[in-house]
Each structure stands twice: as C-alpha cells, then as structure tokens.
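Asks: sharing a sequence plus its predicted fold:
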Amino acid sequence: MATELSSLMTQGPRRSLGHGVGLRPPHYSYVLEYKPPIAWFEVISENFMGLGDQSGGKPVSVLERVRENYPIVLHGVSLSIGSVDPLNSIYLGKLKALIQQIEPAWVADHFCWTGVDGENLHDLLPLPYNEETIMHVSSKIAQVQDFLGRQMLFENVSSYLTYESSEMTEWAFITEIAKRSGCGVLLDINNVFVSATNHGFDPVEFLNGIPVEIVGQFHLAGHSQRVAHGASDQDGQGGKTTFLIDTHDHPVCDPVWALYEKAVKRFGKVPTLIEWDDKLPTFPELLSESDKARAIEERVLGQQDSKHIEAAKQGESRRTSAMASMDHHRA
Amino acid sequence: MLSEIADVTPLPRASRLDIYAEAYFARLVDSLAKDFEAVHSILEEESFRKLVADYLEAYPSKTPNIGEVGRGFPRYVRASAFASSVPYLADLAELEWALIEAFYAENVPGFDPASLASLSPEAWSDVRLVLHPSVRLLCLRWPVDAIWKARHEADVPTELSPDDTKLLVYRQGVTLNVDRIDSLQGKLLELISGKLPLGAALEQLQSEFDMEASEQAGTSETELVQLFQQWFSRWVAAGIIQSVEVPR
C-alpha cells in the first residue's frame, strides 16, 4: 500500500501543478478581486480549523471562494508527528473535515515535534535522527495516512540544534521514514540551506541523498542572518558567529536560488512554492518572486529537454527525467 | 535537557537552545499583539511583553491553532495588576476575544424571513429565536468600543469613564461588527439566547424592568411588541438571526 500511495503522489499528474505561492490574510482581497495568474495556493491548515471543536468560520468562506479558481494545498504546522504524545484526534477530525470541504491537491506537515504533554510551543522542533525515532515517526505517519485515506508530504525543517542521540544524517533519516511510511517529501530548499549553514554540512549532499521519486513539492523562502553570541573564539571572530534563522520575511537569497537550480536538475519538474509570512510584499511582488523560480526551472529543464531528445534517439531515456520532460511539455 | 543537545561548533549548545527560547516568545507576543491589537496599542511595548510572558507561564498553549492562544487572556488580565492601573483593560481584552470568536464561528446558511410568512400572529409567542453562532453579547463596565474603533488612529483615547455598556458582536458575511445596544434590547437578546420562547422572554423583560423602576419602566406591552418588531427586522437584516423555531 505504501508504494502505491507514493507513486500516486509524487509521480502522478499533480507533479505538474507548477508554481504557487503561500496565501496569507493581507492578500485575500487582492486575490479574490484580481484573480492573479498563479497556478496554485498553499495555506496554513490550522488557520481554517476554527476554535475548540468547531470548524473554520470566516477564514473558510474566504478559502472556498479562492478554491473556485485555484487548486489549494493544505500545509499544517501542528500535527506534531514526532512528539511522544498520542495523535490529537480532535485535530485530525477537523483536518479530515477541512480536506473534504476544500479538496486540496495534497496535504503536508513537517518532520518535527511541536510540543509535549498536550502543550503546543507553536514551533517546528527538530528530531533526533536515529532508528528509534524513525520507527516512532513512521508508525504515526502511517496512522495519520490511514485515517485521512491519503498520502501526505512531510517537510524538512530549518534547525538550530542537533542531538547527541542522532546516529545518521537528516537526509538518511527522512528517506528511511518515507520508505517505511509511504509518505512523500516536501523538500524545503531554503531549510536545507539554513540547516547546512547552522550545522556545517554541504547542502548539495542533502539533495543528492534524497531519492528523486519521493519528492512531491519544493519550498523556497527568505531567511535572516543573526549574529549569535557565545560562540567559541577559535576562528578569531570574538565569540560571534553568523547564524541563519528561517524567518520567511525576505526575498529568496542568491545561494538558495543556486541550490534550487541544482535541485531542479536533480529532481526535474516539481511543484514549487514561495513562502512569505512576515513583512509581506505586495501580491505582484510575491508573484515576481515565483516567476523567478519558473524562469530557473524552464532554463534548466529546457536544457534537459534537448538532452532528452538526444538520449531518446540513443534509446537510453531514464524514466524519471522522461517524466519531467513530459510534464514540461504539458505545462 | 541541555546534555541531550550536541555541543558542536560554531555555537555552544546553550546558545542553540536560546534561539528556540527567543523565537517562542517573539512568535507568541507577535501573534497576541495582532489578536489583541487595541490592548497592545494601549500598553507600553515592554508592559505588553511582560503581560504576555506572565500569561504564557501561567497558561501554556494547548491548542493547535495559534489564533486560540489568547482564549484565557481576558480573564488573566482581569486578575492582573492592570485591574487597578488600567481598569478598563480587561473589558477591552474581552471585546477583542469576542471578535476572535465571532471571526472563527461556524458558517451557517442565512435566514430567510419569507419562511415566516405563514406564521399567524398568535403563534409568535411560542417561537424560539436562534441567534447566529457568531453573536456575542457583552455586558461591560467600560465603553471600550470607543478605544477599539480608534485602535488604528494616531491618538487612541486612553482615558475612559465607567459607563455600563452592552455590546453586540457579530459577523455578517465576512465583516465583523461591534454595535452598542440599549439595555432593554440587550436583556431580550440574553433571554432569547437562554432559549426562552419569545412570549415568555417579552413577559420577563417587562416584569424585570417594572421592578427595577429603570427608565424603561412603564413600557407597555404594546410598546414592547412594537420595539421587538423594530429590533427583529434589524436583527434579520444584520444576519443576527440564524433561524426561528416554530413548535409543531
């Protein structure tokens, strides 16, 4: 069943959904009035799940109107799949009802925990990368997917710390969970870059460690630099070191665009979303950020297309890249 | 706890954990400042941050929706030191929470007054009026709606005189409304939301006001029915009525 689900999500027609942006309340009226040219929107699921055990109220009626014109992807932040707390059945019931109401293209959350003992820290906290956690998270993801009757995508988070009990890389951890649970991966290119900087690994190694067929979506976002105090002074920086914080309040930076280009080369055509949460630009500015991503994708895949024609002539076309090529023509 | 965190360059583990601690408060202060923007506009930034930090310490979030974190905030403010230094602050917080509840209240189909066309005048006394799920009736000591309405202006009024105030908070379509209503109308809405049939609610209203010898005392039954008719058509127009239940 896991394999079946996985192929549905990451290799089906949804793979060609194209370029979207995160929809935030300050842009609601613009989007409803002007119906801007964007392929799809992603929204934070919890914003449409109401209070207590009620459903969503005003936000949902806005979302239903947006849904009339665009595909919607639900992006959750409170499933807390890594927590040792049991799954929250009220939350899951409300998520299922929202899915039935909105009929999203797909549903995602994060490889993280957000709290314990019923408390919510409203943050995406990193997990230890080891066998015990893989077993725990895989079994919880399987429960959620069974309950919702659909595959989910899970996103790699930006992190600022790692654990003594980690035994493997983050990409090996994610890959193993996807394999065991049948979930897909939402690869956040900015988070790869932020974590790579904060923990001193090579972001390209992360990309190369994720199998092509498990990735169903990309995220791109801006981050902030922070000078952190208390660093060791071995590098002569006076105990100060630059840290990256995943703030979603800036344009995407050049090194992240460069990493996105590498990701497109490796993974082919993957639905790509610009996330912007704070210090929001105008909607047209947000749209132009998404156009940059599209231009990079077209440039990379255009080159790959011509390579494919060559490869096809020689009868050695690989399945995944051929699919990327097909999707490209359809789009 | 700290020993679980890997101590790797370039930053010691305590500093790594601090990043999360700072982000936690920054995120929740920011979220509550948006949810309670009038309260936020009244207080000095530092006082607001301290109030939120104390509140979260006492009532950590247990909700998946960050928009629900402020549920206990009005009650916390009422019991805080601000009860004496800014006595209307808790009323203002209560109004802002009611607006959040109205914002998130369930969507229900609109009420069609044409469905009442066949109702005989006698039958009205037995009907029950069901209010829209977004309706909140607030009985406050301070007229804080004045502050809320001015919250985006350069000069938010910070001096208020106590004045018993009834506010009707409701969502009409996608618009949130705060209406000041007189005590007679407020009392009737209270009785109605307590599920009393309309006839009984009007009777109780009349006897209570006669007993209190308030300015509305001596309102005759006919006058009361006329008043009700005016209010009812206003409530229907404003989407405050969800349905009218007629007993069979």
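Replies: Right, received. Where do you want to start?
Asks: excluding covalently adjacent residues, which one is nearest to the one residue sitting closest to the centre of chain B?
Replies: For chain B, residue B:98 is the residue whose C-alpha lies nearest the centre (Cα atoms, centre = their mean; 2.1 Å). Spatially, and ignoring its direct neighbours in sequence, residue B:98 is nearest to residue B:136 (4.0 Å; Cβ to Cβ, 6 or more residues apart in numbering or on different chains). Just so you know, the C-beta spots here come from the backbone N, C-alpha and C atoms, and that holds for glycine as well.
Asks: neighbours of that neighbour, how many?
Replies: Neighbours of residue B:136 under the rule other Cβ atoms under 10 Å in any protein chain shown: 22.
Asks: run the chain-centre distance for whichever strand or helix holds residue B:224.
Replies: Assigned by DSSP states H and E, residue B:224 belongs to helix B:221-238. Put simply, helix B:221-238 sits 23 Å off its chain's centre (Cα atoms, centre = their mean, to the nearest Å).
Asks: average pLDDT across the following helix or strand past that helix?
Replies: Moving toward the C-terminus from helix B:221-238, the next helix or strand (DSSP H and E) is strand B:241-245. Mean per-residue pLDDT for strand B:241-245: 94.
Asks: strand B:241-245 packs against which elements?
Replies: Secondary structure elements in contact with strand B:241-245, counted by 3 or more Cβ pairs under 8 Å, 6 or more residues apart in numbering or on different chains; DSSP states H and E, are strand B:128-131.
Asks: who touches the following helix or strand past the strand it packs on?
Replies: The helix or strand immediately downstream of strand B:128-131 is strand B:136-140, counting by DSSP H and E. Residues outside strand B:136-140 that contact it (Cβ atoms under 8 Å, 6 or more residues apart in numbering or on different chains) are B:91, B:94-95, B:98, B:101-102, B:164-170, B:186, B:189-190, B:193.
Asks: just the buried members of these?
Replies: Among the contacts of strand B:136-140, those buried by neighbour count (16 or more other Cβ atoms under 10 Å in any protein chain shown) are B:91, B:94-95, B:98, B:101-102, B:165-170, B:186, B:189-190.
Asks: just curious, which of those is nearest to chain A?
Replies: Within the buried ones among the contacts of strand B:136-140, distances to chain A taken as Cβ to the nearest Cβ reach their minimum at residue B:101, with 6.6 Å.
Asks: residues in contact with stretch A:274-284?
Replies: Residues outside stretch A:274-284 that contact it (Cβ under 8 Å, 6+ apart): A:19-22, A:24, A:26-27, A:30-31, A:34, A:36, A:42, A:190, A:219-222, A:247-252, A:286, A:289-290, A:293.
Asks: what's the ChimeraX line that selects buried ones from those?
Replies: Applying 16+ other Cβ under 10 Å to the contacts of stretch A:274-284 leaves a buried subset, and the ChimeraX line that selects it is:
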select /A:19,20,21,22,24,27,31,42,190,219,220,221,222,247,248,249,250,251,252,286,289,290,293
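Asks: strands - which of the contacts of stretch A:274-284 land there?
Replies: If you go by DSSP state E, the contacts of stretch A:274-284 have A:19-22, A:42, A:219-221 in strands.
Asks: what is the neighbour count of the nearest residue to residue B:55 once chain neighbours are set aside?
Replies: Excluding the flanking residues, the one nearest residue B:55 by Cβ to Cβ, 6+ apart is residue B:76, at 4.8 Å. For residue B:76, the count of nearby residues is 19 (other Cβ under 10 Å).
Asks: with the one 4 residues further on instead?
Replies: Other residues near residue B:80 number 17, with proximity taken as other Cβ under 10 Å.
Asks: specify the local secondary structure of the residue lying closest to it once chain neighbours are set aside.
Replies: Distances taken as Cβ to Cβ, 6+ apart put residue B:51 closest to residue B:80, at 6.8 Å, once the chain neighbours are dropped. Here residue B:51 is helix, with the state taken from DSSP: H, G, I helix; E, B strand; the rest coil.
Asks: with the one 10 residues further on instead?
Replies: Each residue gets one of three states, and residue B:61 gets coil by three-state DSSP.
Asks: quick one, what contacts residue A:49?
Replies: Here residue A:49 is in contact with A:55-56, A:91, A:94-95, A:98, B:64-65 (Cβ under 8 Å, 6+ apart).
Asks: which ones among those map onto helices?
Replies: Taking DSSP state H, the ones among the contacts of residue A:49 that sit in helices are A:91, A:94-95, A:98.
Asks: so what's residue B:248 up against?
Replies: Counted by Cβ under 8 Å, 6+ apart, residue B:248 has zero contacts.
Asks: tell me the spacing between it and residue B:130.
Replies: Using Cβ to Cβ, to the nearest Å, residue B:248 is found at 16 Å from residue B:130.
Asks: which secondary structure element contains residue B:179?
Replies: Assigned by DSSP H and E, residue B:179 belongs to strand B:175-181.
Asks: which positions in that strand come out as buried?
Replies: B:176-178, B:181.
Asks: can you list contacts of the one helix or strand in chain B whose mean pLDDT sits lowest?
Replies: One helix or strand of chain B scores below all others by mean pLDDT, DSSP states H and E: helix B:198-212, with a mean of 85. With Cβ under 8 Å, 6+ apart as the test, helix B:198-212 has contacts from B:124-129, B:184, B:187-188, B:191-192, B:196, B:216-219, B:221, B:224-225, B:228.
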